[in-house]
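> sequence and computational prediction follow.
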Amino acid sequence: MSNIGSYEKRRENFSWDIAKEVLAWKEDEILNIGAMCSDRICAQGKGDKKALIWQGFGGKQKTYTFNDLRVLSNGFAKFLQDLGVAPGEKVCLFMDKIPELYVSFLGVLKMGAVAQPLFSAFGDESLEVRLLSADTKVIFTTRKHVKKVRKIQDRLPALEKIVVVEGNPNKLRDEEIYMSMEDFRVENFKVYEAGPDTPSVLHYTSGTTGQPKGAQHGHGSIWGQALTTSWVLDLKDDDIYWCTADPGWVTGTSYGIIGPWSLGVTQCVLDSGFTSAAWYKFIQENKVTVWYSAPTAIRSLMRDGEELVKQYDLSSLRHLASVGEPLNAEAVIWSEKVYGLPFLDTFWQTETGSMMITNIPGVKIKPGSMGKPFPGIEAGILDLQTNEPVTEPGTVGLIAFRPGWPSMFKEYVKKPDIYRSKFVGAADDAMPAELRVDESIWYVSGDRASFDKDGYYWFVGRDDDVINTGGHLVGPFEIESALVEHEAIAEAAAIGKPDEVNMEVVKVFITLNPSFEPSDDLELNIMNFIRKRLSPLAMPQEIEYMEKLPKTRSGKILRRYLKALEWGHEVGDLSTLEDD
Ligand code: PRX
């Protein structure tokens, strides 16, 4: 029996308060994600239950109980208090998927500060932009990654402390603090009493224009995350759950920390590079039952074929789900064939904080569709011209949601106008807080889709130029600004180019400065330049040299035109491309 029971009945009788019932949470208890994922689970008598089964490079294993999470996260919370960090201040977590990342996340939240996890493969420029924007006060990192922080620390006036939690302490600089998690077991800590809107987790997400935006969530997001985890991922007390996402991205926190641990469920983490064999071995050894992953990984597993699957005992698996990119019908059908279970597609975003449109256990799957709105979510497709909800099945428009679900982001840090622009139907002078209660308002996702006559949603594509590579959004503007810092490059445009496995990869068009000539060396040099400054995800897979880049009359580069050519789409009337 699935946790959700009947989807239709849940839709009819829905209230977000059901999340409180699912968590057995009483109104007089403290609302704080950090404590609800550790202290509360111990108070329920599950202190000795395994919370985290971790495996690193080379197969090294560590296991932590919920009581370990409790006292070790207390340690981080106390450590931050002693450093003078105040509630509301930003603490960045910049590490690989090591246990310290998961535990410090809880500790930061327990003392009321804001956890800002950043993908550890980010280069110094990606890191700088995000730390500067957030006025981050403390960064937790490791010996391996501290070099990148050193490079930029002089340009970060708000950054007061660099704390290194792993690696050789003898090689640190005087101003860096070493902290070993295991030495900070603190039995009692007075947890910060948060409200639903108290800032909790801050994730940066890329758009078409400008630098990435910090989507700020509140502690009340836990209701949405816990309920969707229970009803969609169907986690039960004895499950062994594996979310393959990195907490540097929202899936890795909403469903790789908060969802499972708020429900007291054991989860596994594999902190090593992807190979199909390593993943199957991990599932076999840990007897994983529920697996939440992404289409790029699934397509890679498909590429490695069915024979490999047969070499492992994957019979522990009982439920699979996917997020981040369109999950093609072939992948769903293939997974049903080889694992005996289809991957259930789920659609949501950094901004939504939890699943919005999703396939649900017990509801018929239409392979290739994202499923239906989660109970309690009012979704619509807005007409591309008028922003009015369409009524005709099959009409392509913008996916939109009525504000009011608990995990909705509260703001873009320091960017109130961009926040406002994500909503339509609001009175011009409406403030963000009012947006959340006005029933005439839609939050517009930036994706295009249609629904069919049975209410299933079908993804069409993004409505902007953001590149989705392997389920990670990369902003073309970030790549272009970094490219023009290269001595050889005069102008640059970045687009997503179709790719069989990653859906899209980065392709760039450049013009060179006068004294430079195209060459293989230069190409490699440019690729590495971007990989180091931004990240491996942003690194161009193809570079095309141009005499000049196509531009609008006002001088803006016509990225859409280049994209249409690349994808073999109708280029159409150039003037329609001009205003983007
Ligand atoms: O374009 C959609 C795509 O990923 C975007 C959100 O990315 P991000 O904020 O990084 O969050 C990713 C994980 C929640 C969306 O706007 N996307 C996400 N899920 C799907 C998807 N595209 C198609 N199908 C999905 N299931």
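Alright, I've got the coordinates.

> what does the stretch 151-300 of the chain have sitting close to the ligand?
205, 249-251 (CB under 6 Å from any ligand atom). (C-beta placed from N, C-alpha, C; glycine too.)

> over to the chain?
205, 249-251, 323-327, 345-350, 370, 445-447, 459, 462, 468, 473.

> out of the residues of the stretch 151-300 of the chain next to the ligand, what pair is the most spread apart?
Using CB to CB, these span at most 12.1 Å, a distance reached by Thr205 and Thr251.

> so what's Pro432 scoring on pLDDT?
We note a pLDDT of 54 for Pro432 in this prediction.

> check Leu577 too.
54.

> repeat for Gln284
Per-residue confidence at Gln284 stands at 98 (pLDDT).

> now do the SS call for it.
Classification of Gln284 using DSSP: H, G, I helix; E, B strand; the rest coil returns helix.

> what is whichever strand or helix holds Ile399 packed up against?
Element membership of Ile399 [criterion: DSSP states H and E] is strand 397-401. Contacts defined by 3 or more CB pairs under 8 Å, 6 or more residues apart in numbering; DSSP states H and E place strand 397-401 against strand 379-382, strand 442-451.

> picking up where we left off before, now the residues of the stretch 151-300 of the chain next to the ligand in a markdown table, with pLDDT and secondary structure?
Output for those, formatted as a markdown table (pLDDT from 0 to 100; DSSP: H, G, I helix; E, B strand; the rest coil):
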| residue | pLDDT | secondary structure |
| --- | --- | --- |
| Thr205 | 96 | strand |
| Trp249 | 97 | coil |
| Val250 | 98 | helix |
| Thr251 | 98 | helix |
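
> make a PyMOL selection of the buried ones in those.
Buried residues within these, by 16 or more other CB atoms under 10 Å, are selected in PyMOL with:
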select buried, resi 205+249+250+251
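
> show me which of the residues of the stretch 151-300 of the chain next to the ligand is closest to Lys287.
Thr251 (22.5 Å).

> gap between that closest one and Gln349?
10 Å (CB to CB, to the nearest Å).

> just Gln541 next, same as before
According to CB to CB, Gln541 and Gln349 sit 25 Å apart.

> more neighbours: these two, which one.
Comparing Gln541 with Gln349 by other CB atoms under 10 Å, the one with more neighbours is Gln349, at 21 against 14.

> list phi and psi for that one.
Per-residue torsions, Gln349: phi -150, psi 170 (degrees, to the nearest 10).

> ok, and the closest non-adjacent residue to it?
Closest residue to Gln349 apart from its sequence neighbours, by CB to CB, 6 or more residues apart in numbering: Ser445 at 6.2 Å.

> residues near the one you found, how many?
23.

> repeat for Cys42
By the criterion of other CB under 10 Å, Cys42 has 21 neighbours.

> give the contact list for it.
Contact analysis of Cys42 by CB atoms under 8 Å, 6 or more residues apart in numbering lists 66-67, 70.

> repeat that for Gly59.
Counting by CB under 8 Å, 6+ apart, Gly59 touches no other residue.

> quick check, pLDDT for it.
90.

> so it versus the ligand, what's the distance?
Distance of Gly59 to the ligand, computed by CB to the nearest ligand atom, to the nearest Å: 29 Å.

> same question, Lys20
Taken as CB to the nearest ligand atom, the span from Lys20 to the ligand is 24 Å.

> is that residue located within a strand, as I assumed?
No. According to three-state DSSP, Lys20 belongs to no strand; its state is helix.

> thought it was touching Gly224?
No. Under the criterion of CB atoms under 8 Å, Lys20 makes no contact with Gly224, lying 12.0 Å away.

> these two: who's more crowded?
Higher neighbour count among Lys20 and Gly224: Gly224, with 28 against 17, using other CB under 10 Å.

> now do the helix or strand where that one lies: which elements does it pack against?
In the assignment (DSSP H and E), Gly224 maps to helix 221-231. Contacts defined by 3+ CB pairs under 8 Å, 6+ apart place helix 221-231 against helix 18-22, helix 33-36, helix 259-262.

> who wins on neighbours among the contacts of Cys42?
Among the contacts of Cys42, the one with the most neighbours (other CB under 10 Å) is Arg70, at 30 neighbours.

> tally of neighbours for Asp345?
29.

> switch to numbering from 15
Sounds good: first residue 15 from here, last item Asp359.

> assess the claim that it and Met369 are in contact.
No. Applying CB under 8 Å, one finds Asp359 not in contact with Met369, separated by 10.2 Å.

> does Ser349 count as helix, strand or coil?
helix.

> mind giving me the domain split of this structure?
15-31+234-391, 45-204, 393-476, 481-581 (automatic domain parsing).

> what distance separates the start and the end of the longest one?
Just to be clear, that refers to domain 15-31+234-391. 23 Å (CA to CA, to the nearest Å).

> ditto for the second one
Between the opening and closing residues of domain 45-204 there is a gap of 13 Å (CA to CA).

> list the contacts of whatever residue of the stretch 315-464 of the chain ends up closest to the ligand.
Evaluated by CB to the nearest ligand atom, the stretch 315-464 of the chain has Thr364 as its residue closest to the ligand, separated by 3.3 Å. The neighbourhood of Thr364, defined by CB under 8 Å, 6+ apart, consists of 217, 219, 229, 263-264, 423.

> can you do 7 Å?
Residues near Thr364 by CB atoms under 7 Å, 6 or more residues apart in numbering: 217, 219, 229, 264.

> and the helices and strands packed on helix 235-245, which is most packed in?
Across the helices and strands packed on helix 235-245, the average number of neighbours (mean count of other CB atoms under 10 Å) peaks for helix 47-50, which reaches a mean of 29.

> still on that earlier bit, now, the contacts of Cys56 that are in strands?
Judged by DSSP state E, strands contain none of the contacts of Cys56.

> closest to Val522 among these?
Phe80 (47.0 Å).

> quick one: that closest one from the ligand, how far?
Phe80 sits 26 Å away from the ligand, taking CB to the nearest ligand atom as the criterion.

> pLDDT weak spots in this structure?
Residues of the chain that meet the criterion pLDDT under 70 lie in 440-452, 586-594.

> state the distance from the residue of it positioned farthest from its centre to the ligand.
Among the C-alpha atoms of the chain, the one most distant from their mean position (CA atoms, centre = their mean) is that of Ser529, at 41.5 Å. According to CB to the nearest ligand atom, Ser529 and the ligand sit 39 Å apart.

> A strand includes that residue, no?
No. Counting by three-state DSSP, Ser529 is not found in a strand; it is coil.

> where exactly do the helices run in the stretch 65-214 of the chain?
Secondary structure of the stretch 65-214 of the chain (DSSP state H, counting those that start in this stretch): helices at 80-97, 113-124, 138-148, 160-166.

> and the last one, what's buried?
Of the residues in helix 160-166, 160, 162-163, 166 count as buried by neighbour count, 16+ other CB under 10 Å.

> and what of the first one?
Residues of helix 80-97 classed as buried: 80-95 (neighbour count, 16+ other CB under 10 Å).

> give me the distance from it to the chain's centre.
25 Å (CA atoms, centre = their mean, to the nearest Å).

> with the third one instead?
Centroid separation between helix 138-148 and its chain, computed with CA atoms, centre = their mean, is 17 Å.

> contact partners of it?
Contacts to helix 138-148, defined as CB under 7 Å, 6+ apart, come from residues 104, 106, 108, 130, 132, 162, 165-166, 169-170, 173, 216, 218, 225-226, 228, 427-428, 496, 547-549.
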